[in-house]
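J.: Fold the following.
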Amino acid sequence: MNCSKVGQFYGTTNETIHLDGVTLTDTVYGQDRVPWHFHEHNYFTFILQGGVIEGNKKHVYECCTGDLLFHNWQDAHYNIASGRFTRGVHVEVSPQWFDYFDKANNITEGSIRIADPRIKMLMYQVVKEMKLAGNAGQLSIDTLVLEIFGLLTNTVLVAGERKPQWVSRVREILHESKDDWKLADLARSVNIHPVHLSRHFSKYFGMSLGDYVRAIKVQRALTLLPNDELSLTDISFECGFADQSHFIRSFKSFYQVTPLHYRKFLLKK
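T.: Residues are numbered from 1 along each chain as shown. Okay, here's the model as predicted:
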């Protein structure tokens, strides 16, 4: 079985940035099928455009734009092309980086799909820093990756804890629906009191209910931004914003730049 070296991915490499302990690679996937293989270091796969099927011994993930996976370096896997133009950014982290920052490098034994919008927002910031700062981005990239691993560690630990049934149901409802839920209606749908939902939501989701809903909408928008045939008005409507102005304000609250500027970052190669 092949072991992919640092910075080596199957396809056309648009850009590779080697920092101390962190390697970032922007790749266009170019093979119909990639056979079983593993990598030298733990790494993230972040799909910027298109989609790909990735399978390992336990799971098969049908990844699309905006999906984020974390891989343990020992986890053997394969890839199948979706037939669409597909581009992703990979963030590889060396054992020395974990040692330097006194972080555990055995968060998970295999691969996991990350749904937490806070982690995805941080990964989009990594892409922005990659394109803006390049080889001078060590400080900002280290800071962002540390934040990502902090949240990821908590996510894995919490996943192993016993949570109330309403938590997973609320997560499903908010991620699958584009409706603007009222607190009372959302609480009624999971059979709990609105005060209980409001009081305990941040304990399990890491942010307030309102911020979480906005984060989901912004994440949906980010998956559409690479499609330059869609206007900001189209995207704001598709993602459930009241209008384009509301979309721009919400986006800037998370990323400090307009969606149009961020589209330029995402399309920059």
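
J.: Just the buried positions in whichever helix in the chain runs longest, please.
T.: Longest helix in the chain, counting residues (DSSP state H): helix 138-159. Across helix 138-159, burial judged by 16 or more other C-beta atoms under 10 Å covers Ser140, Ile141, Asp142, Leu144, Val145, Glu147, Ile148, Phe149, Leu151, Leu152, Thr155. Glycine gets a C-beta too; all of them are placed from N, C-alpha and C.

J.: Dump those into TSV; add distance to Lys128 as well.
T.: Below are the buried residues of helix 138-159 laid out as TSV (distance: C-beta to C-beta, whole Å):
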residue	distance to Lys128
Ser140	9
Ile141	11
Asp142	15
Leu144	9
Val145	14
Glu147	14
Ile148	14
Phe149	19
Leu151	18
Leu152	19
Thr155	22
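
J.: residues touching the residue of the chain most remote from its centre, list them.
T.: Ranked by distance from the centre of the chain (C-alpha atoms, centre = their mean), the top residue is His193, with 31.5 Å. Going by C-beta atoms under 8 Å, 6 or more residues apart in numbering, His193 touches Ala187.

J.: Distance of it relative to Ile53?
T.: Going from His193 to Ile53 by C-beta to C-beta, to the nearest Å gives 42 Å.

J.: And for Arg171?
T.: 24 Å.

J.: I'd like to know which elements the helix or strand that the longest helix of the chain is followed by is packed against.
T.: Counting by DSSP states H and E, the element after helix 138-159 in chain order, helix or strand, is helix 165-176. Using 3 or more C-beta pairs under 8 Å, 6 or more residues apart in numbering; DSSP states H and E as the contact test, the elements touching helix 165-176 are helix 183-189, helix 194-205, helix 209-224.

J.: Neighbours of Glu176, how many?
T.: Using other C-beta atoms under 10 Å, Glu176 is surrounded by 8 other residues.

J.: any idea of the mean pLDDT for the longest helix of the chain?
T.: What helix 138-159 shows for mean pLDDT is 85.

J.: repeat for stretch 228-244
T.: So the average pLDDT for stretch 228-244 ends up being 91.

J.: Just the terminal-to-terminal distance for that stretch.
T.: 16 Å (C-alpha to C-alpha, to the nearest Å).

J.: next one: stretch 107-115
T.: First-to-last distance for stretch 107-115 - C-alpha to C-alpha - comes to 16 Å.

J.: Residues in contact with that stretch: which ones?
T.: Contact with stretch 107-115 is made by 42, 54, 56-59, 61, 63, 67-72, 74-75, 77, 120, 149, 152-153, 155-156, 171, 175, as judged by C-beta under 8 Å, 6+ apart.

J.: Nothing else from me, thank you.
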